[in-house]
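> only geometry, no sequence info:
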């Protein structure tokens, strides 16, 4: 479980699906009786002492739509539906792109079943001026274009042939680089399967790709204490 401050107050907590039921039970022990309700794509827990936990549904929508009115926490309610939904094994495509590298993989649950990882050299910006700087900028632009094209090619080879079998596609790396790759019309079907969260990762390597299920399977919870 990881935590970080949330904009607007409170903190974000990420909980593994298998730990979600225990986390909610602990929230009740700490804060008193809990009411649960579904608001959009959030399962909201309101505790007796005023604490609130907003559990964001991964891979929305919630597959079994429970009652939307607030009710006491218990079996068969929104939390139970969320736990079952979050723990379901899915086939997920992952595409990570930065100028320094790219990775594409297909996961069944947490198991990586197909992947391709690559890297391209892209020089940093030059502090020089004049003609040399312009020449360097052109070279860097060419290197960037080639790196992003290589990333698109890998996505097309690894992910596109199995797009019909994927439940979702998760993106990560550098947002600007991903937006450049998005322009490749061969990948339109893949990007139609996009779901959050966007994964902020370093230059993609195999170990980075293998670690992504921890991030995209986790349930994001905004906790606001009384």
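Ah, there it is. The structure presented is a predicted model; accordingly, all values stated were derived computationally and were not measured.

> helix/strand/coil for residue 37?
When classified by DSSP: H, G, I helix; E, B strand; the rest coil, residue 37 comes out as strand.

> that one: neighbour count?
Residues contacting residue 37 under the criterion other CB atoms under 10 Å number 17. For the C-beta atoms, the positions are set from N, CA and C on the backbone; glycine is no exception.

> helices of the chain, start to end?
With helices called from DSSP state H, the chain shows them at 20-31, 78-87, 130-158, 175-182, 188-191, 206-210, 212-216.

> out of those helices, nearest to residue 110?
For residue 110, the closest of the helices of the chain is helix 212-216, at 4.3 Å, according to CB to CB.

> give the buried residues for that closest one.
212, 213, 215, 216 (16 or more other CB atoms under 10 Å).

> next up, the contacts around the last one.
The contact partners of residue 216, by CB atoms under 8 Å, 6 or more residues apart in numbering, come to 58, 92, 94, 170, 197, 199.

> now do the contacts for the last one.
Counting by CB under 8 Å, 6+ apart, residue 199 touches 94, 96, 170, 171, 172, 173, 212, 215, 216.

> so which of these comes closest to residue 226?
Nearest to residue 226 among those: residue 215, at 29.4 Å, using CB to CB.

> just checking, that closest one touches residue 208?
No: taking contacts as CB atoms under 8 Å, residue 215 lies outside contact range of residue 208: 10.3 Å.

> could you report the separation of residue 96 from residue 145?
Computed as CB to CB, to the nearest Å, the residue 96 to residue 145 distance reads 19 Å.

> revised request: answer the last question for residue 108.
For residue 108, the distance to residue 145 - CB to CB - is 34 Å.

> in this protein, which helix or strand is least confident?
One helix or strand of the chain scores below all others by mean pLDDT, DSSP states H and E: strand 71-72, with a mean of 62.

> center of the chain, which residue is that?
residue 197 (2.9 Å; CA atoms, centre = their mean).

> and that residue, how far from residue 76?
To residue 76, residue 197 is 28 Å away according to CB to CB.

> for residue 170, same thing?
Applying CB to CB to residue 170 and residue 76 gives a distance of 30 Å.

> try residue 206
With CB to CB as the criterion, residue 206 and residue 76 are 42 Å apart.

> these two: who's more crowded?
Neighbours were counted for residue 206 and for residue 76 using other CB under 10 Å; residue 206 has more, 13 against 10.

> residues contacting the more buried one?
Counted by CB under 8 Å, 6+ apart, residue 206 has contacts 103, 115, 117.

> out of these, which comes closest to residue 155?
Nearest member of those to residue 155, counting by CB to CB, is residue 103, at 9.7 Å.

> tell me how many other residues surround the spatially closest residue to the closest one that is not a sequence neighbour.
In space, and not counting its chain neighbours, residue 103 is closest to residue 204: 3.6 Å by CB to CB, 6 or more residues apart in numbering. The number of residues packed around residue 204, counting by other CB under 10 Å, is 27.
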